[in-house]
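Peer 1: How does the following fold in three dimensions:
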Amino acid sequence: MKKIFLVYFSLIAITMLSACQTNKYNNVIKDKTPDPSIRIEDLDNNNKERPNIFYFDTEQGRSLFEVIFWDKMEDDHYYQGQIKNNDVRIDRVFKGKKIEVGPLPKNYELAMTFSQKEPFPSTILGKVQDDKGHTYNWKQSYESEAADHDYLINLPKFKGKKAKIALRMIWLNKNGDCIGVADKFFILEKQ
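Peer 2: Coordinates of the predicted model:
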């Protein structure tokens, strides 16, 4: 009787664990596009004048979040736009918008986090436009070391003092079809 109970319990546990796994290859995504948490941390422990972590919350006016495409996979409907380059026009996004500028310390860590219940994107397409008119683009895959680990953003160095940042998140299904695109925008100023 104990063996039968252990076998059933093991099967139930395995089924529950596999059902709880959320990854970037799910064919079905949630109703609402997840807005990631973005934070920058000052890694210099000697600086006591200001807080060492700054959060770019959309609700507090520290960032902007825009959904480009999000579908529940009904009728095999996929995003047909550009997903290899971040083609956002940064000046247009920030025009007329007031958002709080975040600090960019000399030694920092810029991280993105999604709730464990939310699907995370496959790719991040980044764009930086500094106040001297230079634009920098980069691409990085979204691979988290563990479910509770923050994903680090590889921000390129820029020449100006202040920069507008655009992070385009791309969600792909297991077949490589684009099922979601969203942009996160914020501003950084060198300290």
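
Peer 1: isn't residue 64 right up against residue 182?
Peer 2: No - between residue 64 and residue 182 there is no contact, the gap being 10.9 Å when judged by CB atoms under 8 Å. (Glycine included, C-beta is placed from N, CA and C.)

Peer 1: Give the bridge partners for the closest residue to residue 32 other than its chain neighbours, please.
Peer 2: Nearest non-adjacent residue to residue 32, counting by CB to CB, 6 or more residues apart in numbering: residue 70, 7.7 Å away. Listed by DSSP bridges, the beta-bridge partners for residue 70 are residue 180.

Peer 1: For residue 150, grab the count of nearby residues.
Peer 2: Residues within reach of residue 150, counting by other CB atoms under 10 Å, total 18.

Peer 1: show me the contacts for residue 139.
Peer 2: Contacts here follow CB atoms under 8 Å, 6 or more residues apart in numbering; on that basis residue 139 touches 84, 123-126.

Peer 1: Lowest-confidence one in these?
Peer 2: Ranked by pLDDT, these bottom out at residue 84, which has 90.

Peer 1: Against residue 178, how distant is it?
Peer 2: Separation of residue 84 from residue 178 (CB to CB, to the nearest Å) stands at 11 Å.

Peer 1: The two: which is more packed in?
Peer 2: Between residue 84 and residue 178, counted using other CB under 10 Å, the more crowded position is residue 178 (20 against 9).
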